[in-house]
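# Mind looking at a prediction? Sequence and model below.
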Amino acid sequence: MLTLTESDLGDSAEIFPTKFLDIQRHHRTIWGREIADAFVVPHDRLARQAVRQLMNLHLRLRQTYLEARTRPEALDAMLLLSVTTLLINLGILLELKLGRPVAVGDELLATAAGAGLDRARLEEIIAFKQERRIPAGAALPVFYEQFMRQVEAAFRLAELR
């Protein structure tokens, strides 16, 4: 939970654009007047933040692979933590590309596929997060490689805007 006052808004929407977009969409005012509509989340900042998050994810995944290639449990844990980062930032980049929010789930998968990502791989990534299983017949290093390709494809969406 994040507790804000009106004076906290200032530059915060520009510094934390993803968080403030989420606040605008999912907040609940418990006391006082409504302030979430009082700030604008700049699209250019949102795009930069999504790209920054994806680049950071890409670098962390690469580093983890190099450090943990003989420790599959470490690679598994890193991949598990990375799914949400990928999906959130992919959704933001797709939204900026289309000019409208993209619902999580089938709409995100269909829209991502239309933008050049591999829907089947994204479905496997989501299944990995939900069920803690890699696709049948795939070894963890292969799944890691496929995951990295989707991160790279999401990163390229920023270039296409």
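Cool, got the structure.
# Quick one: the helices in this protein, in order.
Counting by DSSP state H, the chain has helices at residues 6-9, 12-15, 17-26, 43-68, 72-98, 106-114, 119-131, 140-160.
# Would you reformat the ones you listed as TSV and include distance to residue 37?
Placement of C-beta: from N, CA and C, glycine included. Formatted as TSV, the entries for these read as follows, by distance: least, CB to CB, whole Å:
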stretch	distance to residue 37
helix 6-9	11
helix 12-15	12
helix 17-26	7
helix 43-68	17
helix 72-98	18
helix 106-114	25
helix 119-131	32
helix 140-160	27
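# Determine which of the ones you listed approaches residue 33 most closely.
Minimum separation from residue 33 across the helices of the chain (CB to CB) falls at helix 6-9, 8.3 Å.
# roughly how far is that closest one from the heart of the chain?
26 Å (CA atoms, centre = their mean, to the nearest Å).
# Buried residues of it, list them for me.
Of the residues in helix 6-9, none are scored as buried under the neighbour-count criterion (16 or more other CB atoms under 10 Å).
# Show me what it is packed against.
Using 3 or more CB pairs under 8 Å, 6 or more residues apart in numbering; DSSP states H and E, no helix or strand is in contact with helix 6-9.
# was I right about residue 102 contacting residue 94?
Yes. With the criterion set as CB atoms under 8 Å, residue 102 and residue 94 qualify as a contacting pair; they are 4.7 Å apart.
# For the most far-flung residue of the chain relative to its centre, what are phi and psi?
Taking CA atoms, centre = their mean as the measure, the residue most remote from the mean C-alpha position of the chain is residue 32, 31.6 Å away. According to degrees, to the nearest 10, the main-chain angles of residue 32 amount to phi 90, psi -170.
# Same list (the helices of the chain) but as a markdown table, adding mean pLDDT.
What follows is the helices of the chain, written out as a markdown table (pLDDT from 0 to 100):
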| stretch | mean pLDDT |
| --- | --- |
| helix 6-9 | 74 |
| helix 12-15 | 76 |
| helix 17-26 | 79 |
| helix 43-68 | 91 |
| helix 72-98 | 91 |
| helix 106-114 | 95 |
| helix 119-131 | 93 |
| helix 140-160 | 88 |
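# So which of those helices is nearest residue 36?
Smallest distance to residue 36 across the helices of the chain (CB to CB): 5.1 Å, for helix 17-26.
# Right, I'll call it a day here.
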